[in-house]
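A.B. asks: pasting the sequence and the predicted model now:
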Amino acid sequence: MDLKLEGIVLPVTDVDRAKAFYERLGFRLDADFPGPDGFRIVQLTPPGSQASILFGSGVTDSKAGSVQDLLVVVSDIEAARDDLVARGVAVSDVWHDAGGVFYHAGTSHRVRGAHPENASYGSYASFSDPDGNGWVLQEVTKRLPGR
């Protein structure tokens, strides 16, 4: 049986502000449907992704900004970071984890700069949407076998 991740629901406080933010990032607007009693759902897809994000009014009871560590893969961490900065997004400096395998929760294990060996899966940058939902960019230049 195939299980395909289709979408991730993000809790936001201001639907129009969130929509404008993600469109500014280059996400494709797939849907913006109003419903009865103020219900509204917005779906956007990151460039190159098959999975989408969804948010709206009456979509989730989760606290705005509570979704963290949404991991997206980029082929060039510096270029991706520069692109986001050019779009007006506050992005962290590029970093790698002191442990070298994957990143730890929080920021205590972050070491400034790209992975010293430029290891695929080893360099990161992070940013948040206007509500504080957190995103992590991960540079992948060579996929692990079977991926």
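C.D. replies: Here it is on my side, so go on. Computed from a prediction, not measured in an experiment: that's the story for all the values here. Numbering: from 1, shown residues only.

A.B. asks: surely S52 and T45 touch.
C.D. replies: Yes: using Cβ atoms under 8 Å, S52 is in contact with T45, at 4.4 Å. No exception for glycine: its C-beta is placed from N, CA and C like everyone else's.

A.B. asks: shared neighbours of these two, which are they?
C.D. replies: Jointly contacting S52 and T45 under the rule Cβ atoms under 8 Å, 6 or more residues apart in numbering are D30.

A.B. asks: quick one, what contacts A31?
C.D. replies: Under the criterion of Cβ under 8 Å, 6+ apart, the neighbours of A31 are 41-43.

A.B. asks: in strands, which of these appear?
C.D. replies: 41-43 (DSSP state E).

A.B. asks: out of these, who's the most crowded?
C.D. replies: For the ones in strands among the contacts of A31, neighbours were counted using other Cβ atoms under 10 Å, and V42 has the most, 25 neighbours in all.

A.B. asks: dump the residue contacts of it.
C.D. replies: V42 is in contact with 15, 18-19, 29, 31-33, 54-56, counting by Cβ under 8 Å, 6+ apart.

A.B. asks: same check on D97?
C.D. replies: For D97, the contact set (Cβ under 8 Å, 6+ apart) comprises 103-104, 109-111, 122, 124.

A.B. asks: before we move on, the earlier item: by neighbours, which of the contacts of V42 wins?
C.D. replies: That'd be F55 among the contacts of V42, by other Cβ under 10 Å, with 27 neighbours.

A.B. asks: secondary structure element for that one?
C.D. replies: Taking DSSP states H and E as the definition, one finds F55 inside strand 52-57.

A.B. asks: now for that strand, which elements pack on it?
C.D. replies: strand 7-9, helix 15-24, strand 40-45 (3 or more Cβ pairs under 8 Å, 6 or more residues apart in numbering; DSSP states H and E).

A.B. asks: who's in contact with R28?
C.D. replies: R28 makes contact with 44-45, 47, according to Cβ under 8 Å, 6+ apart.

A.B. asks: that one bridge partners, please.
C.D. replies: Bridge pairing for R28 (DSSP bridges) gives the partners T45.

A.B. asks: which stretches in the protein count as strands?
C.D. replies: Taking DSSP E to define them, one finds strands in the chain at 7-9, 28-34, 40-45, 52-57, 70-74, 95-97, 110-112, 124-128, 134-139.
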